[in-house]
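Trainee: this is a predicted model, with the sequence first.
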Amino acid sequence: MATILPVLDKHPQLGSDCFIAPNATIVGDVVMGNECSIWFNAVVRGDVHYIKMGNKVNVQDGAVIHCTYERNPTEIGNNVSIGHNALVHGCKIMDNVLIGMGAIVMDRCEIHSNSIVAAGAVVLEGTVVEAGTIYAGIPAKKIKDISQDTIHSEIERIANNYTKYASWFKDVNEAPL
């Protein structure tokens with residue numbers, strides 16, 4: 001069973017039709033939209049500031065979302081995929097974004113819509129990722145603009161796939177083992 005705990009009388013609020021893996025952790029001041037999914041071993045920790053997620057956000061296996069105490073909340077828009085083992089900390093992610101596997105997005109970053117942070121990238125504190133671009137490397141830098149085809153074939157495809165994957169688990173807790 002997932003760990004879902006209040007912190008200082010702030011309880012996580014989950015939208016409708018969300019999937020929370022049995023070993024995921026969600027604590028504190030967390031507000032999730034509809035059709036979100038928090039996958040195996042992922043941690044969403046709203047203990048020191050708030051975390052707000054839009055609709056159709058997927059936080060993949062081993063990813064961590066956190067904030068900075070009384071300074072930097074984490075805000076995530078709609079249709080966002082946060083890849084396996086990514087770290088998203090005290091930043092703002094707009095709509096239609098893909099954060100790649102193992103990427104790190106640090107405090108006060110802004111990741112604008114229709115953009116990709118590549119796998120393994122480290123987006124340093126205060127960086128602004130322009131809309132419609134791909135940032136990669138350590139430290140992450142713009143490597144190219146994104147075509148409309150890439151927005152559809154990668155960003156939207158992955159978000160839609162995770163909504164489908166989550167549907168496979170809807171009856172998990174009701175089925176006999």
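Mentor: Structure received.
Trainee: contacts for stretch 115-133 next, please.
Mentor: With contact meaning Cβ atoms under 8 Å, 6 or more residues apart in numbering, stretch 115-133 is reached by 83, 91, 94, 97-114, 134-140, 142-146, 150-151, 154-155. No exception for glycine: its C-beta is placed from N, CA and C like everyone else's.
Trainee: narrow those residues to those in strands?
Mentor: Among the contacts of stretch 115-133, DSSP state E puts 97-99, 104-105, 110-111, 134-136, 142-145 in strands.
Trainee: mind naming the longest helix for this structure?
Mentor: Criterion DSSP state H: the longest helix present in the chain is helix 157-167.
Trainee: which strands or helices does that one pack on?
Mentor: Here helix 157-167 touches strand 37-38, strand 58-59, strand 80-82, going by 3 or more Cβ pairs under 8 Å, 6 or more residues apart in numbering; DSSP states H and E.
Trainee: does Asp29 sit in a helix, a strand or a coil?
Mentor: Of the three states, Asp29 takes strand under DSSP: H, G, I helix; E, B strand; the rest coil.
Trainee: near it, how many other residues are there?
Mentor: When neighbours are counted by other Cβ atoms under 10 Å, Asp29 registers 22.
Trainee: that one and Met53 touch, don't they?
Mentor: No - no contact is recorded between Asp29 and Met53 when judged using Cβ atoms under 8 Å, the distance being 11.9 Å.
Trainee: so how far is stretch 62-71 off the chain centroid?
Mentor: Relative to its chain's centre, stretch 62-71 lies at 11 Å (Cα atoms, centre = their mean, to the nearest Å).
Trainee: determine the longest strand present in this protein.
Mentor: The longest strand of the chain (DSSP E) is strand 43-53.
Trainee: just the buried residues of it, please?
Mentor: In terms of neighbour count (16 or more other Cβ atoms under 10 Å), strand 43-53 has its buried residues at Val43, Val44, Arg45, Gly46, Asp47, Val48, His49, Ile51, Lys52, Met53.
Trainee: state the distance from the fifth one to Ala140.
Mentor: Right, the one you point to is Asp47. Using Cβ to Cβ, to the nearest Å, we find Asp47 at a distance of 27 Å from Ala140.
Trainee: what residues of the longest helix of the chain count as buried?
Mentor: In helix 157-167, counting by 16+ other Cβ under 10 Å, buried: Ile158, Ala159, Tyr162, Thr163, Ala166.
Trainee: ditto for stretch 36-45
Mentor: Cys36, Ser37, Ile38, Trp39, Asn41, Ala42, Val43, Val44, Arg45.
Trainee: got the contact list for the first one?
Mentor: This means Cys36. So Cys36 contacts Leu14, Gly15, Cys18, Phe19, Met53, Asn55, Lys56, Val57, Asn58, Val59 (Cβ under 8 Å, 6+ apart).
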